[in-house]
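> Okay, here's the prediction I keep looking at, along with the sequence it came from:
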Amino acid sequence: MTAVLEEVPAEELTPEQAAKELERLAEAIRHHDRLYHQEDSPEVPDADYDALSRRNAAIEARFPDLVRADSPSRRVGAAPVAGFAKVRHNRPMLSLGNAFDEAEVAEFLARIRRFLNLSDEEPVAVLAEPKIDGVSASLRYEKGRFIQGATRGDGTTGEDITANLRTLGDLPKELRGRIPDILEIRGEVYMRRDEFQALNARQEAAGEKVFANPRNAAAGSLRQLDPQITTARPLHFFAYAWGEISAPLGATLAEARDRLEDFGFTLNEPARLCRSLEELLAHHRELAERRPELPYDIDGVVYKVDRLDWQERLGFVSRAPRWAVAHKFPAEQAETLLKAIEVQVGRTGALTPVARLEPITVGGVVVSNATLHNEDEIARKDVRVGDTVVIQRAGDVIPQVVSVVLDKRPRGAKPYRFPIVCPVCGSHAVREINPTTGREDAARRCTGGLICPAQAVERLKHFVSRDAFDIEGLGAKQIEAFWRDELVKSPGDIFRLKARAEEITAREGWGEQSVANLMAAVEARRHIGLDRFIYALGIRQVGQATARLLALNYETLAGFREAMTAAAEEASPEYADLVAIDGVGPAVAADLAGFFAEAHNREILDDLAAQVEVEAAAVPAASASPVAGKTVVFTGTLERMTRSEAKARAEALGAKVAGSVSRKTDYLVAGAAAGSKAKKAAELGVATLSEEEWLDLIG
Ligand code: IVH
């Protein structure tokens, strides 16, 4: 009789029938949620999905006592389709720089000594702990109680996964001992190798998705909208850092680690406090050897300066701390057959050769494509279709073709000829001369610009990507389809999609709910920071760090646009201001000017600007500081700190540090033996401060 229950109206169900029906609905909705959110392959139209949710709600309204613990109406976030709520990190969650060999580790230590101006005798204690290959999370405790957990997200904003994190057995919900009122613990959620294999066996038996590696399994399990699924997944947590805290945890990392352990956290082991390069390298070698016997995957060793006051002084560059580095293990390699070479066209027109391979498992991941980098690399390695090649993969890096196994080359294999026309639009593909080096660019580029469909689509994909406009529900797949069917041809079109909601609803894979979600996601991005806006334009060589610099320097979109357009003239003061920004060289300046010299690009930008509200760049950190927003140039020898430290401190106080003096300079800080910059400052009437005066000014 169960089959016909679905047809009985909610008002006519008996309590027994209602309970059964709620169970069926919970299971069905969970199933569709998973297909929709995790597999990106919904099986039913949204309208059918909505009908299930509505029926669930109607029955629950009639039988409030029967609402299940795992009811779809009670899941994380409001409606299940709305996904996770956002959480802003009070202190950003950073990533780590990498070191791949001994020389890079030595350089890491030398840089710290230089920055802190330490004598050769002064020992620098560095804590070395394994780098766990999992997913990072931030846990907020107030008065010792776990109140919120979040993913890293883009480092500034993550997703609220509190309900899922609560299901982790070794995550303390209440802390022990003397605990700061506010304590944000950061660490890694991971799955052990044996548990991962058992999970995959269960998944396979149930006809469900199997995961490529423990990291993916941990990530997939944490991102479940239904905490019940997470409960069933074997996840663990290691604590290795902290965010906001209301009281310090000690003077050194080693002390802080002891406190964390006392609170009830499990730490990354085996860790060791080292006092020299040799000790660090010995620990690295030991861990590399013990790697197979550890129950979880590690992909390197993290080195962190032990003294917390030094960590504070060292601060951050872009998104990684100066006081830590990840010393990665060598990449894993394997041999396989190269079946074909395909050439892809990227956002900036670069032609990238991709190797299509006989699928092979490398380091626990199945690899079927690998990058061949560019034309010269193919020639240098003499890679030919039909060759057996050595490929390698390290961490999240795209797998690469390392070399050819010449003994296995089939007879008659011909040298590869790189195309000189764009494989997508047929325009000429050329290698430009780099203005800085005077040499040919490594990349051959399509000259078609936006008439090349590949470039146009790739630019749009970049535009909606996570670090740019970050429009949820509008991924690569949707952009390709919308572009093909002329719903979106330029960024501005995305903000006009509302007028075409009906058309979209009628498309396969879309329904009222998902279109409503998309429209909400688009609306949410009508306000955007200038740095993201600039990054989203996809100008060659303008990555996130450069975009942030530009936003800080030009402050408003109007100011930026005007200055860039004027900077197209190399003799202009605007060009001089641009190259004076520390971190913008002539090559980047040329790409910026080149972008704005094209009328077409200016039109696209203006069209977009009319649709959105660009927020002026926020001066970071202490906006109350007397130097916030000011442009400072350091010159000569400073006594009290190195130039790098002076620059880092100025930036932390919201100042912009430039490399040369221009009209825009507010202060020149002149140490001993200051030369031509002091003269130029005097000519331009720029205030010149001694080191002491500068320190007084910033307090
Ligand atoms: S410290 C501010 N220590 O690696 C520095 N990170 O590639 C915070 N990770 O995002 C990171 N084990 O998710 C640190 N022992 C460890 C780690 C570790 C794994 C992860 C972490 C980080 C990523 C950077």
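Yep, it's here.
> any idea which helix or strand carries Lys461?
Following DSSP states H and E, one finds Lys461 within helix 453-464.
> tell me which residues in whatever helix or strand comes next after that helix are buried?
Per DSSP H and E, helix 453-464 leads on to helix 476-484 as the next helix or strand towards the C-terminus. Buried positions in helix 476-484, judged by neighbour count with 16 or more other CB atoms under 10 Å: Gln478, Ile479, Glu480, Phe482, Trp483. For the C-beta atoms, the positions are set from N, CA and C on the backbone; glycine is no exception.
> Tell me which two in these are the farthest apart.
Farthest-apart pair in the buried residues of helix 476-484 is Gln478 and Trp483; separation 9.4 Å (CB to CB).
> who touches the helix or strand encompassing Ala103?
Assigned by DSSP H and E, Ala103 falls within helix 102-116. With contacts defined as CB atoms under 8 Å, 6 or more residues apart in numbering, helix 102-116 is touched by 97-99, 118, 120, 122, 124, 126, 277, 280-281, 284, 303, 305, 310, 313-314, 322-323, 325, 327, 642, 644-645.
> One more pass at 6 Å, please.
Here helix 102-116 makes contact (CB atoms under 6 Å, 6 or more residues apart in numbering) with Ala99, Leu277, Val325, His327, Thr642, Ser644, Glu645.
> Put the alpha carbons of that helix into CSV.
Only the C-alpha atoms of helix 102-116 are listed here, as CSV (Å, rounded to 0.1, in the frame of the first residue of the first chain):
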residue,chain,number,x,y,z
GLU,A,102,66.9,22.5,0.8
ALA,A,103,68.0,25.8,-0.9
GLU,A,104,64.5,27.2,-0.5
VAL,A,105,64.3,26.2,3.1
ALA,A,106,67.7,27.9,3.7
GLU,A,107,66.4,30.9,2.0
PHE,A,108,63.3,30.9,4.2
LEU,A,109,65.6,31.0,7.3
ALA,A,110,67.9,33.6,5.8
ARG,A,111,64.9,35.9,4.9
ILE,A,112,63.7,35.7,8.5
ARG,A,113,67.2,36.7,9.7
ARG,A,114,67.4,39.6,7.3
PHE,A,115,63.9,40.8,8.1
LEU,A,116,64.5,40.8,11.8
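> close to the ligand, is it?
No. Using CB under 6 Å from any ligand atom, helix 102-116 never reaches the ligand; the gap is at least 13.7 Å.
> following that helix, which helix or strand shows up next?
Next along from helix 102-116, by DSSP H and E: strand 126-132.
> ok, that next one: who's next to it in the sheet?
strand 272-274 (antiparallel), strand 298-305 (antiparallel) (DSSP bridges).
> Those strands: which one's closest to the ligand?
Closest to the ligand of those, according to CB to the nearest ligand atom: strand 298-305, at 4.1 Å.
> Now do the closest one against helix 102-116, angle only.
20 degrees (axes from the mean of the first three to the mean of the last three CA atoms, to 10 degrees).
> so after strand 298-305, what's the next helix or strand?
Per DSSP H and E, the first helix or strand lying C-terminal to strand 298-305 is helix 308-314.
> Quick one: mean pLDDT over that following helix.
Averaging pLDDT along helix 308-314 yields 96.
> One more: stretch 149-164?
Rounded mean pLDDT across stretch 149-164 is 88.
> ok, residues contacting it?
76, 84-88, 92-93, 136-139, 148, 165, 222, 227, 230, 319.
> Buried residues of that stretch, list them for me.
Residues of stretch 149-164 classed as buried by neighbour count (16+ other CB under 10 Å): 149-154, 157-164.
> of all those, which two lie farthest apart?
Between all members of the buried residues of stretch 149-164, the farthest pair (by CB to CB) comes out as Asp154 and Ala163, at 21.6 Å.
> Could you give the number of residues near Lys498?
12 (other CB atoms under 10 Å).
> repeat for Pro64
So Pro64, with other CB under 10 Å, has 7 neighbours.
> still on that earlier bit, ranking the strands paired with strand 126-132 by burial, who's on top?
Highest mean neighbour count among the strands paired with strand 126-132 (mean count of other CB atoms under 10 Å): strand 298-305, with a mean of 23.
> so how far is that strand off the chain centroid?
19 Å (CA atoms, centre = their mean, to the nearest Å).
> what does it contact?
If you take CB under 6 Å, 6+ apart as the criterion, strand 298-305 is touched by 126-133, 253, 280, 284, 287, 311, 323-329, 395.
> near the ligand, from these?
Answer for these near the ligand (CB under 6 Å from any ligand atom): Glu129, Lys131, Ile132, Ala324, Ala326.
> Contact partners for the first one?
For Glu129, the residues meeting the contact criterion (CB under 6 Å, 6+ apart) are Asn268, Ala271, Val302.
> how about 8 Å then?
Counting by CB under 8 Å, 6+ apart, Glu129 has contacts Tyr240, Leu267, Asn268, Glu269, Pro270, Ala271, Arg272, Val301, Val302, Lys304.
> That one - nearest residue in space that isn't next to it in sequence?
Nearest residue to Glu129 in three dimensions, chain neighbours excluded: Ala271, at 3.8 Å (CB to CB, 6 or more residues apart in numbering).
> so that neighbour makes contact with Ile132?
No. Counting by CB atoms under 8 Å, Ala271 stays clear of Ile132, with 11.7 Å between them.
> higher neighbour count, these two?
Ile132 (26 against 20).
> Count residues in the vicinity of the residue lying closest to the more buried one once chain neighbours are set aside, would you?
In this structure, Ile132 finds its nearest non-sequential neighbour in Glu188, 4.4 Å apart by CB to CB, 6+ apart. Glu188 has 22 neighbouring residues, counting by other CB under 10 Å.
> Just grab the bridge partners of His428 for me.
Using DSSP bridges, the bridge partners assigned to His428 are Val421.
> Please verify my assumption that it contacts Arg444.
No. In this structure, His428 is not within contact of Arg444 by CB under 8 Å, at 9.6 Å.
> between those two, which one's more packed in?
Arg444 (25 against 12).
> who's in contact with that one?
Ala350, Leu351, Asn374, Glu375, Phe418, Ile420, Ala429, Val430, Arg431.
> Let me see the backbone angles for it.
phi -90, psi 140 (degrees, to the nearest 10).
> what's the pLDDT at it?
95.
> same question, Phe418
For Phe418, the model assigns a pLDDT of 96.
> Now it: closest residue in space, sequence neighbours ignored.
Sequence neighbours aside, Glu375 is the residue nearest to Phe418 in space, at 4.3 Å (criterion: CB to CB, 6+ apart).
> Near the ligand, which residues of the stretch 301-450 of the chain? Just list them.
Residues of the stretch 301-450 of the chain lying near the ligand (CB under 6 Å from any ligand atom): Val302, Pro321, Ala324, Ala326.
> please redo it, this time with the cut-off set to 8 Å
Near the ligand, the residues belonging to the stretch 301-450 of the chain are Val302, Lys304, Ala320, Pro321, Ala324, Ala326, Gly395 when assessed by CB under 8 Å from any ligand atom.
> want to throw those into TSV with distance to Lys381?
Listed next are these as TSV, based on distance: CB to CB, whole Å:
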residue	distance to Lys381
Val302	33
Lys304	37
Ala320	31
Pro321	36
Ala324	34
Ala326	28
Gly395	22
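> Which one of these is nearest to Gly438?
Of these, the one sitting nearest to Gly438 (CB to CB) turns out to be Ala320, at 31.7 Å.
> For the closest one, give me its contacts.
Neighbouring residues of Ala320 by CB under 8 Å, 6+ apart: Leu94, Ser95, Leu96, Gly97.
> Tell me how many other residues surround the closest residue to the ligand within the chain.
Nearest residue of the chain to the ligand: Ser136, at 3.1 Å (CB to the nearest ligand atom). A count of nearby residues for Ser136, using other CB under 10 Å, gives 20.
> Many thanks, have a good one.
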